[in-house]
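**Q** structure, please.
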Amino acid sequence: MFEKVLIANRGEIAVRIIRSLRDMGITSVAVYAVNEKNALHVALADEAVCIGPEPLSESYLKVPNILSAAEITGADAVHPGYGLLAENPDFAEACIQSGFVFIGPQPEIIASLGDKIKARHVAKKVGVPVVPGSEGPVKDEREVRNIADELGYPLILKAAHGGGGRGMKLVTSPGSLSSAFQLAQVEAEAAFGSGEIFVEKYFEPARHIEVQVFGDGKGGVICLGDRDCSVQRRNQKIVEEAPAPFLSWEVRKRIWNDAVKLAAHLKYLNAGTVEFLVDEEGNHYFLEMNTRIQVEHPVTEIITGTDIVKAQVLIAANEDPGISSLDEPPNVHALECRINAEDPYSFAPSPGVVEDFHFPGGPYVRVDTALLRNQMVSPVYDPLLAKVITWGENREQAIERMKRALAETRVSGVKINVPFLLKLLEFQDFVRGPLSTRMVEKVLVS
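**A** Coordinates of the predicted model:
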């Protein structure tokens, strides 16, 4: 087992990883930018190393600085968390070449799945259905129009080498295609260094369902069930829940089986999430595979009683993770709401100093956060302040407990999205179904 692990991340996920390492008796090493020397993840870690100034490119994305921190502290392994360098194959390879265990998948698998077009081809090869669309990157608008003639509108343009909603544009008619194509290329180039775009059929209504898997690197795969992540704004998730509601066992089992089939074919190592689109007829289509721990991992931890970070560390150390695949959905339901520093209706970022805050407690409530009083919410970083998780014997209980938890939540100094979340929890389509990736738009006009 590792004696010391460096966390190449910040914020709530760094705090989350530190806590599991402490439970396992493993020394934790935090890294931090100059402006975050008083951050919670720095205070909680056993050791901490400054890796540069505030700009991400000079600190949390500076690979030589992170590896130097691992070397001078004598770390055995590096946990990347999510975001930042977590899905960067060059970083994973650099960790390995420098003598550190990378707590995640093989670099070549990260690279392969990071290319959304290659990932589609792998899925098709093993018989996992993919969304109808282009076979490769499209060269120009004319090619997109030819695809549109075949598939019809609406279409969605996606960056071939990225995610998080960047470089993604919906095209609802021929008249909007030209501007959408140009914007998608510009955003993709700026965010991911490649302007390559591919095209998929856009399904409406549709749901976003994902499956949590663990691989042993030899073809063995453990499936910890599914999550529904349909409630999104600008293609970024706001609310997640597990197991996915309003889903038949027949559809659920097909999705689980295809997720396992894909991971087994890849001989996938460590934790990963296979994401699917499900249309209103119950047909499912592969979207992508995320090669890291997910922001929404707590809902899976709640329904399965699993410490996902601990399992990641054990697998990386070639030890038994002590978990097994689900045979059916558990008799518990968990819900997660992301508390963001943003206007509750326009979703415009709200940077500033958090003067004070109070997060909920009590039974059936978990809060993952790294927030401190008088902390600066910088526009440089993600606006996520906290994740509030509730659970119950059924979905109705989890929702009612979430209402109670959100009603207790207070943050002063910046705006937060809690008013919108409370409105969502009362929205009848959310309560009774069906869920949809366009639900946020419906709530905003209701």
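**Q** what sits up against stretch 186-196?
**A** Contacts with stretch 186-196, where a contact means CB atoms under 8 Å, 6 or more residues apart in numbering, come from Ile117, Pro137, Ala159, Ala160, His161, Gly162, Arg166, Gly167, Met168, Lys169, Gln185, Ile197. Bear in mind the C-beta positions are built from the backbone N, C-alpha and C, glycine included.
**Q** and the pLDDT at the residue nearest in space to the middle of the chain?
**A** What sits nearest the mean C-alpha location of the chain, by CA atoms, centre = their mean, is Gln294, with 3.9 Å. We have a pLDDT of 97 for Gln294.
**Q** does it touch Gly272 like I think?
**A** No. With contact defined as CB atoms under 8 Å, Gln294 does not reach Gly272; the gap is 9.3 Å.
**Q** what mean pLDDT does the longest helix along the chain have?
**A** The longest helix of the chain (DSSP state H) is helix 249-266. For helix 249-266, mean pLDDT rounds to 97.
**Q** what are the buried residues along it?
**A** Under the neighbour-count criterion of 16 or more other CB atoms under 10 Å, helix 249-266 has 251-252, 254-256, 258-266 buried.
**Q** summarise which helices and strands it is packed against.
**A** Counting contacts by 3 or more CB pairs under 8 Å, 6 or more residues apart in numbering; DSSP states H and E, helix 249-266 packs against helix 107-114, helix 116-125, strand 206-216, strand 221-233, strand 269-279, strand 284-290.
**Q** can you give me the angle it makes with strand 284-290?
**A** 40 degrees (axes from the mean of the first three to the mean of the last three CA atoms, to 10 degrees).
**Q** quick one: contacts for Glu141?
**A** Leu177, Ser178, Phe181.
**Q** pLDDT weak spots in the protein?
**A** 162-165 (pLDDT under 70).
**Q** domain assignment for it?
**A** Split into domains by automatic domain parsing, the chain comes to 4-103, 132-201, 206-445.
**Q** quick one: distance of the last one to the chain centre.
**A** Domain 206-445 has its C-alpha centroid displaced from the chain centroid by 8 Å (CA atoms, centre = their mean, to the nearest Å).
**Q** before we move on, what about the shortest one?
**A** Here the centre of mass of C-alpha atoms in domain 132-201, compared against the chain's by CA atoms, centre = their mean, lies 22 Å away.
**Q** checking Val29 next. Helix, strand or coil?
**A** strand (DSSP: H, G, I helix; E, B strand; the rest coil).
**Q** and the residue nearest to it when sequence neighbours are not counted, how far is that from Tyr32?
**A** With CB to CB, 6 or more residues apart in numbering as the criterion, Val29 has its nearest non-adjacent residue at 4.1 Å, and that residue is Leu6. Per CB to CB, to the nearest Å, Leu6 is found 12 Å from Tyr32.
**Q** name the residue in these two with the higher neighbour count.
**A** Neighbour count, other CB atoms under 10 Å: between Leu6 and Tyr32, Leu6 has more, with 29 against 22.
**Q** quick one, phi psi at the more buried one?
**A** Note on Leu6: backbone dihedrals following degrees, to the nearest 10 are phi -90, psi 140.
**Q** okay, and the beta partners of it?
**A** Beta-bridge pairing of Leu6 under DSSP bridges involves Val29, Val78.
**Q** follow-up on the earlier one: tell me which of the helices and strands packed on helix 249-266 sits nearest to Ile339.
**A** strand 221-233 (14.1 Å; CB to CB).
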